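J.: Sequence and computational prediction follow.
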Amino acid sequence: MSLTPFIQFTAGTPALATEVNSNFGYVQDWVDNDSMPRSGSVAFTGVPSGPATDPPSADSLTRRQYVDDKTKSNTGFKMISGSGTPTLTNVSPYNVWHEVCVVSSGTAIPVNATNQTLYLTAFCDAELTLGTGPATFGLRVSFSVNGSTYGATQQTSANADGSTGADYRYAGISLTGFHSFVYTGTPQIMRAKLEIVQRESFSSVWTVASARCRLAISREVPFA
């Protein structure tokens, strides 16, 4: 509601009480129905607009554009999947690691902050086919950033019992690897590599029927 039209008075001339009361009524009605109390007890009837500037302090109100820029659709999390279907047979020496799956971000990933911790998590599994058994195998996953390996390699062991199942298949050798590093601000190509090893010598042929690795890249600030 507008505070106009007010009845205009001329200096030095008498004012009618009804006209004074009418002007006062406009003011009172605006205060009662359109002003916003500091308590916030009255709701806006429309969306208020503010200045096109970002909040200067922690207690400042913010505009929608600022929130949109800080909370993008991929807010600090990416999932990249890969798979491999190699055929590997027992080799000598038996304790040789074989690459079975690699997943990569493909292109360098920029992040809207520097000197923040970036978290890499790999969820990996492989399915083996054995002629006979049992045998012991291990998985390991390593991480690299821009071609340079980061952190210690994670690894695990599992028994593959070739005496069970019609085709002696054992599914369920799995591994979750984790690594974190400080992001310096330069876009990075991130990669996870899954490898398998035969941990003991035996005469049967074994095959990796399938291998999968899913790489999660996460941080507490949004990706670009």
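T.: Looks like it arrived, so ask away.
J.: give the contact list for the residue nearest to residue 96 when sequence neighbours are not counted.
T.: The shortest distance from residue 96 to any non-neighbouring residue, by CB to CB, 6 or more residues apart in numbering, is to residue 197 (6.7 Å). All C-beta spots, glycine's among them, are computed from the backbone N, C-alpha and C. Applying CB atoms under 8 Å, 6 or more residues apart in numbering to residue 197 gives the contacts 95, 96, 97, 98, 137, 138, 139, 140.
J.: from those residues, which would you call buried?
T.: Neighbour counting over these (16 or more other CB atoms under 10 Å) leaves 97, 137, 138, 139, 140 as the buried ones.
J.: Correct me if wrong: the second one contacts residue 195.
T.: The one in question is residue 137. No - using CB atoms under 8 Å, residue 137 is not in contact with residue 195; the gap is 10.8 Å.
J.: Distance of residue 23 relative to residue 15?
T.: In this view, residue 23 and residue 15 are 9 Å apart by CB to CB, to the nearest Å.
J.: Compare neighbour counts for the two and give me the winner.
T.: Neighbour count, other CB atoms under 10 Å: between residue 23 and residue 15, residue 23 has more, with 16 against 11.
J.: Now find how far off-centre the one helix or strand the more buried one maps to is within its chain.
T.: Assigned by DSSP states H and E, residue 23 belongs to helix 17-33. Here the centre of helix 17-33 is set off from its chain's centre by 56 Å, with CA atoms, centre = their mean, to the nearest Å.
J.: Same question for stretch 26-34.
T.: Remark: stretch 26-34 is offset 49 Å from the chain centroid, using CA atoms, centre = their mean.
J.: buried ones in that stretch?
T.: So for stretch 26-34, counting by 16+ other CB under 10 Å, buried means residue 26.
J.: Quick one: low-confidence residue ranges for this structure.
T.: Residues of the chain that meet the criterion pLDDT under 70 lie in 1-5, 68-77, 85-93, 110-115, 131-134, 150-172, 202-205, 220-224.
J.: which residue ranges form the strands in it?
T.: Assigned by DSSP state E, the strands in the chain fall at 77-84, 97-104, 116-130, 135-145, 148-160, 169-183, 190-198, 206-218.
J.: among these, which is the most enclosed?
T.: Of all those, strand 190-198 has the most neighbours on average by mean count of other CB atoms under 10 Å, namely a mean of 23.
J.: Output it as CSV, nothing but the C-alphas.
T.: Extracted in CSV, the C-alpha atoms of strand 190-198 (Å, rounded to 0.1, in the frame of the first residue of the first chain):
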residue,chain,number,x,y,z
MET,A,190,42.4,-39.0,-11.1
ARG,A,191,42.6,-42.8,-11.6
ALA,A,192,42.1,-46.0,-9.7
LYS,A,193,43.7,-49.3,-10.9
LEU,A,194,42.6,-52.7,-9.8
GLU,A,195,45.0,-55.6,-9.8
ILE,A,196,44.7,-59.3,-8.9
VAL,A,197,47.4,-61.8,-7.8
GLN,A,198,47.5,-65.6,-7.4
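J.: quick one: that strand to strand 169-183, angle?
T.: 140 degrees (axes from the mean of the first three to the mean of the last three CA atoms, to 10 degrees).
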